[in-house]
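Peer 1: mind folding the following:
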Amino acid sequence: MDLSGRIPPDLGNLSFLVSFDLESNNFHGNLPQEMTCLRRLKFLDLSFNNFSGKVPWFRFLHQVHVLSLRNNSFTGSLPSSIFNISTLEMLNLAFNSLEGHIPVSLSYASRLQMLELSYNSIKGDIPDGIGNLPNMNWLSIQHNQLTGSISFTVLNISRIEIIAFTGNSLSGNLPNGLCNGFPILKELYLSGNKLFGHMPTSLPNCSQHQVLSLSKNEFDRPIHCEIGRLSNLQQLYLGANHFQG
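Peer 2: Below is the predicted model of the structure:
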């Protein structure tokens with residue numbers, strides 16, 4: 001049977017707590033301010049509950065490595081203080097009601113390996129700071145309200161394996177040096193945007209590519225024969241574009 005109710009303020013008395021997992025229950029309400037006392041916490045998973053309110057006070061958790069608030073009802077802007085946690089390695093805020101822009105302070109989270117912000121209402125351009133995350137290997141900001149173009153500096157992350165920007169309003173051409181900066185990229189999801197022009201001729205440089213999803217865009221140039229050199233490709237989605245013969 002699922003646990004329910006609110007997190008009691010007395011939880012803050014557990015000052016030696018290192019790992020706290022409440023995933024897949026029916027807890028609700030705001031998170032108590034007393035949780036700021038959990039200074040030794042390294043793992044916090046509150047996903048798949050009904051927590052609400054603004055994303056709070058995590059700047060006080062200076063040792064957190066994993067922070068997951070996925071599938072709740074958090075609102076408000078994405079707080080820049082989260083990205084000031086120098087120990088943070090995984091941040092998952094998908095399936096909430098967050099809004100606003102991605103903070104420029106993102107680049108301070110230098111140990112961040114996974115960032116999942118899908119299914120919120122985050123808007124604006126992709127900040128260049130994403131390109132300064134040397135340990136990033138998973139980046140998913142799908143089904144939000146991102147706009148602007150995909151700059152080369154954003155995608156120049158040498159250890160990244162998965163990039164997912166499906167279901168936004170990104171526009172412009174894909175940069176010609178698309179694959180030069182991340183040699184181990186395996187999955188690229190850009191469907192459901194407003195990208196146009198041609199696919200980059202540098203695609204064969206993504207030699208580890210297994211999934212390429214570019215459907216539901218506005219590409220209108222011929223498909224280059226270079227795409228046939230993606231020898232590891234397993235899934236290719238190009239439907240609902242305007243490719244010429």
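
Peer 1: looking at this protein, which helix or strand does the model trust least?
Peer 2: Scoring the helices and strands of the chain by mean pLDDT, DSSP states H and E places helix 152-155 at the bottom, with a mean of 63.

Peer 1: after it, next one along is what?
Peer 2: Where DSSP states H and E defines the elements, the next helix or strand beyond helix 152-155 is strand 162-164.

Peer 1: list the pairing partners of that next one within its sheet, with orientation.
Peer 2: Next to strand 162-164 in the sheet, as set by DSSP bridges, lie strand 138-140 (parallel), strand 187-189 (parallel).

Peer 1: pull the residues that contact that strand.
Peer 2: Strand 162-164 has contacts (Cβ atoms under 8 Å, 6 or more residues apart in numbering) with 118, 137-142, 155, 185-189. C-beta coordinates here come from the backbone N, C-alpha and C atoms, glycine included.

Peer 1: thinking again about what came up before, of all the strands paired with strand 162-164, which one is nearest residue 58?
Peer 2: strand 138-140 (19.8 Å; Cβ to Cβ).

Peer 1: what's the next secondary structure element after that closest one?
Peer 2: strand 145-146.

Peer 1: can you list the strands that that following strand pairs with?
Peer 2: Assessed with DSSP bridges, strand 145-146 is paired to strand 121-124 (parallel).

Peer 1: report the buried residues of the strand it pairs with.
Peer 2: By neighbour count on 16 or more other Cβ atoms under 10 Å, the buried set for strand 121-124 is residue 122.

Peer 1: got the strands paired with strand 162-164 as JSON lines, with distance to residue 127 and mean neighbour count columns?
Peer 2: Formatted as JSON lines, the strands paired with strand 162-164 follow (distance: least, Cβ to Cβ, whole Å; neighbours: other Cβ atoms under 10 Å):
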{"stretch": "strand 138-140", "distance to residue 127": "12", "mean neighbour count": "20"}
{"stretch": "strand 187-189", "distance to residue 127": "19", "mean neighbour count": "20"}
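
Peer 1: state the distance spanning the first to the last residue of stretch 67-81.
Peer 2: End-to-end span of stretch 67-81 (Cα to Cα, to the nearest Å): 13 Å.

Peer 1: then stretch 105-122?
Peer 2: 15 Å.

Peer 1: which phi and psi does residue 59 have?
Peer 2: Note on residue 59: backbone dihedrals following degrees, to the nearest 10 are phi -60, psi -20.

Peer 1: how about it: what's its closest non-neighbour residue?
Peer 2: residue 81 (3.6 Å; Cβ to Cβ, 6 or more residues apart in numbering).

Peer 1: checking that neighbour next. Helix, strand or coil?
Peer 2: helix (DSSP: H, G, I helix; E, B strand; the rest coil).

Peer 1: could you chop this protein up by domain?
Peer 2: Domain assignment for the chain by automatic domain parsing gives 1-114, 147-245.

Peer 1: these: lowest mean pLDDT?
Peer 2: Note on these: lowest mean pLDDT is at domain 147-245, with a mean of 88.

Peer 1: chain center to that one: distance?
Peer 2: 17 Å (Cα atoms, centre = their mean, to the nearest Å).

Peer 1: do stretch 109-121 as well
Peer 2: 4 Å.
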